[in-house]
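J.: with the sequence up front, the predicted model follows.
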Amino acid sequence: MKAMKVLTTEKSTIKLNNRTPYYDYLRVLSTFAVIILHVAAQNFRKVEIGSFQWDVFNFTDSAVRWCVPIFVMISGALFLDNNKPLTLKKLYSKNILRIVTAFVFWSVIYATYNVIDGKDLRDGILIFVKGNYHLWFLFMIAGLYVIVPLLRKITASKSATQYFIIVGFIFSFLIPRTINLLQILKIPHTTDLLKAISFAFDNVHFNFTAGFVLYFVLGYYISHYDIKKSLRIVAYVIGFIAYLFTAFFTEWVSLRDNKVIVDFYENYTVNVLLTSVAVFIFAKYVLSKIELKGLVSKLVSFFSKYSFGVYLVHILVLDIFKTKLEITTLSFHPVISIIVLTVTVATISYAISFILNHIPILKKYIV
């Protein structure tokens, strides 16, 4: 594969060979980040809160909470571009169908694995219907695909897109998470008032811009419109502060309540949103300037191409290491264990994804 050059201007990113390389960078980084997240979370609740091991798991997990939002933002950047034709037939027969068939296949795999591992048939059926815990992503992304034609009407206008983002941030992130933060802080004499405010706000039923829909539209907006250099710097600083907020507040609240509190890990929190935006902007304006050649370029392309399969299979690989081989993040030093397990699980998962992608029928529908 010939190296792809990227020219960045103050107006936009000019793509050569009809590709946007920083999408590949983001996809690869997010794939490894989601593996790191699940590795670090493996024994998060089994060690003493505030211990060295717990701190390592907490700060590592907090550092990669942007992984799933970035996946969604990449999809938004691609699917909401009105310059790329997309018919309902193609959307449903190719994109949504692939998500459905992938879910059915992998849900059968995980349900079967759990039954073989000792769960009864009833539990296996429930696992198949609900999907293994990481397969929630497929439900979510399929839902976003369904409303792509509606969202494209919005992204056809810059002002409408900006309005959507502002409204979505205020009503889906800022207000509900501020209420949640105040409840967590347990300010004296505010409990009943906050419950009343929360009840009143819930009655607004403001769902159209909720959650991952905002990430979807944000991915399109950041990728297609220029962001001034001064705002980029602000985004980087705020994004890093948001990461520290995630880690330190998680530890503080968990120590205070003597139990693990993960409210600040949620994808719908302002802190995770700000970190995700910073990562995406960094990729567009910094990583996009990197010109890859030769083997490195081929490796990035390889890792990007097989990332979906890796996401689907890596939990199975990680669980086999835990239950069959009894190798976990508690087997040795937490920092080393996270690195070793991440690299090992990623390597095996990529190998499986590569093989499946070379089986004619399977590569079209399940990876």
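T.: Perfect, thanks for sending it. For clarity, every value in this text was computed on a predicted model and none was experimentally measured.

J.: can you show me the helices along the stretch 1-150 of the chain?
T.: If DSSP state H, counting those that start in this stretch is used as the criterion, the helices of the stretch 1-150 of the chain fall at 21-41, 52-63, 67-79, 88-90, 97-116, 121-130, 136-146, 148-155.

J.: and the stretch 151-300 of the chain, by the same measure?
T.: 158-168, 175-185, 191-202, 212-224, 229-257, 270-285, 294-305.

J.: what's the fifth one packed up against?
T.: Same thing as helix 229-257. For helix 229-257, the packing partners by 3 or more C-beta pairs under 8 Å, 6 or more residues apart in numbering; DSSP states H and E come out as helix 52-63, helix 270-285. The C-beta positions use only the backbone N, C-alpha and C, and glycine is treated the same way.

J.: quick check: which of those helices is buried the most?
T.: Stretch with highest mean neighbour count among these: helix 270-285 (a mean of 23; mean count of other C-beta atoms under 10 Å).

J.: helix 229-257 and that helix, what's the angle between them?
T.: 150 degrees (axes from the mean of the first three to the mean of the last three C-alpha atoms, to 10 degrees).

J.: give me the contact list for helix 270-285.
T.: The contact list for helix 270-285, computed with C-beta atoms under 8 Å, 6 or more residues apart in numbering, reads 8, 13, 22, 25-26, 29, 65-66, 69-70, 73, 169, 173-174, 177-178, 214-215, 218-219, 222-223, 227, 232, 235-236, 238-240, 242-243, 245-246, 264-266.

J.: quick one: stretch 82-94 to chain centroid distance?
T.: With C-alpha atoms, centre = their mean, to the nearest Å as the basis, stretch 82-94 stands 23 Å off its chain's centre.

J.: between the two ends of it, how far is it?
T.: 18 Å (C-alpha to C-alpha, to the nearest Å).

J.: show me what counts as buried in it.
T.: For stretch 82-94, the buried set under the neighbour-count rule, 16 or more other C-beta atoms under 10 Å, comprises 86, 91.

J.: mean confidence for it?
T.: Averaged across stretch 82-94, pLDDT comes to 95.

J.: stretch 44-61 now?
T.: Rounded mean pLDDT across stretch 44-61 is 97.

J.: kindly report the same for stretch 121-140.
T.: Mean per-residue pLDDT for stretch 121-140: 94.

J.: again, but for stretch 201-208
T.: Averaged across stretch 201-208, pLDDT comes to 83.

J.: that stretch spans what distance, first to last residue?
T.: So stretch 201-208: terminal residues 15 Å apart, C-alpha to C-alpha.

J.: buried ones in that stretch, by neighbour count?
T.: Within stretch 201-208, the residues that count as buried by 16+ other C-beta under 10 Å are residue 206.

J.: output stretch 229-238 as CSV, restricted to C-alpha atoms.
T.: The C-alpha coordinates for stretch 229-238 follow below in CSV (Å, rounded to 0.1, in the frame of the first residue of the first chain):
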residue,chain,number,x,y,z
LYS,A,229,-5.9,26.9,16.9
SER,A,230,-6.7,28.7,20.1
LEU,A,231,-9.8,26.6,20.6
ARG,A,232,-7.9,23.4,19.9
ILE,A,233,-5.4,24.3,22.7
VAL,A,234,-8.3,25.0,25.1
ALA,A,235,-9.8,21.6,24.1
TYR,A,236,-6.6,19.8,24.9
VAL,A,237,-6.1,21.5,28.2
ILE,A,238,-9.8,20.9,29.2
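
J.: circling back: and of the helices of the stretch 1-150 of the chain, who's closest to residue 296?
T.: Among those, the nearest to residue 296 by C-beta to C-beta is helix 21-41 (11.3 Å).

J.: quick revisit: closest one to residue 254 among the helices and strands packed on helix 229-257?
T.: Counting by C-beta to C-beta, residue 254 lies closest to helix 52-63 out of the helices and strands packed on helix 229-257; the figure is 8.1 Å.

J.: what comes into contact with the closest one?
T.: For helix 52-63, contacts defined as C-beta under 8 Å, 6+ apart pick out 36-37, 40-41, 43-44, 47-48, 243, 246-247, 250-251, 264-265, 329-330, 334-335, 338.

J.: stretch 355-365 now?
T.: So stretch 355-365 is in contact with 97-98, 101-102, 105, 305-306, 309, 366-367, going by C-beta under 8 Å, 6+ apart.
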